[in-house]
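> Based on what follows, work out the 3D shape:
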Amino acid sequence: MTYSRRAQTTTRRLRIRRIRIAGLLVVTVAIAAALGSELLASPSSTDASPIDVLRSEQRGALGEADGVVPDGTTIFDDGIPGVANLDPALLGALRQAARDAAGDGVEFFVDSGWRSPEYQEQLLHDAVSEYGSEKEAARWVATPNTSAHVSGDAVDIGHSDATAWLSEHGAEYGLCQIYSNEPWHYELRPEAIDHGCPPLYADPTHDPRMQQ
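Numbers count the residues shown, from 1 in each chain. Next up is the predicted model:
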């Protein structure tokens, strides 16, 4: 083989190798971009409660009339039963707090508010399946007879910036986090305005109201 032919062959091999490397880089970048977009689209663990998946799975079987709230629902959405059926005093305190929080650029979304007994029962049933036992499920989902959601006395607030704002300012409105394991769950405690919120229960199984 002549020198010129060897040179041409070598050049061709280098060109093919560069094309292959470039192709691999393009594929790698595309995969990384796809994975990155999925991560960005996924909510962080601090933004959602462990039963959010259970709630979303039930949206096909249950409707707004049972207390299911659409994504993006705020505390001012009177047309949503999950909001409208909350205790009026709780709703009023939440709305006053939300107006003030808006001045800090924070918006209150409602992940869950009032629920029908049927909705609560289905959430509890699914929580038992999810967590493997009634004892473990009780740390997250109350029975229809004991749930403050069924009575309209509790609301789950999203997102993390809203719960952080309420953690700092909620007592001024009588709004208190009740359970250590549920930073999104708020109830009205009017005495907190003057005396601060009561100590947190570790989870609902430590709440005497859940023993009824």
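
> Low-confidence regions, this protein specifically.
1-60, 212 (pLDDT under 70).

> quick check, Leu166 in a strand?
No: read with DSSP: H, G, I helix; E, B strand; the rest coil, Leu166 is helix and lies in no strand.

> which ones are touching it?
By C-beta atoms under 8 Å, 6 or more residues apart in numbering, the contact list for Leu166 reads 97, 101, 157, 175, 177, 186. Every C-beta, even on glycine, is put in place using the N, C-alpha and C of the backbone.

> what does Gly82 give?
Counting by C-beta under 8 Å, 6+ apart, Gly82 has contacts 64, 67-69, 73, 110, 112-115.

> same thing but 6 Å
67, 69, 113-114 (C-beta atoms under 6 Å, 6 or more residues apart in numbering).

> in this protein, which spans are helices?
Here the chain has its helices, by DSSP state H, at 3-41, 52-57, 81-84, 88-102, 117-131, 134-137, 160-169, 192-195.

> from memory Thr146 sits against Asp207, does it?
No: counting by C-beta atoms under 6 Å, Thr146 stays clear of Asp207, with 8.5 Å between them.

> What's the local residue count around Ile75?
Number of residues near Ile75 (other C-beta atoms under 10 Å) recorded here: 23.

> just checking, it touches Gln96?
No: if you go by C-beta under 6 Å, Ile75 and Gln96 don't touch, sitting 10.0 Å apart.

> Quick check: the gap between Val68 and His185.
Look at Val68 and His185: by C-beta to C-beta, to the nearest Å, they are 17 Å apart.

> Kindly report the same for Arg115.
Remark: distance between Arg115 and His185 (C-beta to C-beta) = 13 Å.

> Now do the shared contacts for the two.
In contact with both Arg115 and His185: no residue, using C-beta under 6 Å, 6+ apart.

> how near is Cys178 to Ala102?
Actually, residue 178 is Ile. It isn't Cys. Taking C-beta to C-beta, one finds Ile178 at 24 Å from Ala102.

> Between these two, which is the more surrounded one?
Shown here are Ile178 and Ala102; by other C-beta under 10 Å, Ile178 has more neighbours (19 against 11).

> Just to check, that one is in contact with Arg189?
No: counting by C-beta under 6 Å, Ile178 stays clear of Arg189, with 8.5 Å between them.

> OK, contacts around the closest residue to Ala97 other than its chain neighbours?
In this structure, Ala97 finds its nearest non-sequential neighbour in Tyr173, 4.5 Å apart by C-beta to C-beta, 6 or more residues apart in numbering. In this structure, Tyr173 makes contact with 93, 96-97, judged by C-beta under 6 Å, 6+ apart.

> run the last query once more with 10 Å
92-98, 100-101, 166, 186, 188-190, 192-193 (C-beta atoms under 10 Å, 6 or more residues apart in numbering).

> same thing with Val128?
134-138, 141.

> By neighbours, which of the contacts of Tyr173 wins?
Tyr186 (29 neighbours).

> Surely it and Ile178 touch.
Yes: with contact defined as C-beta atoms under 10 Å, Tyr186 and Ile178 form a contacting pair (7.4 Å).
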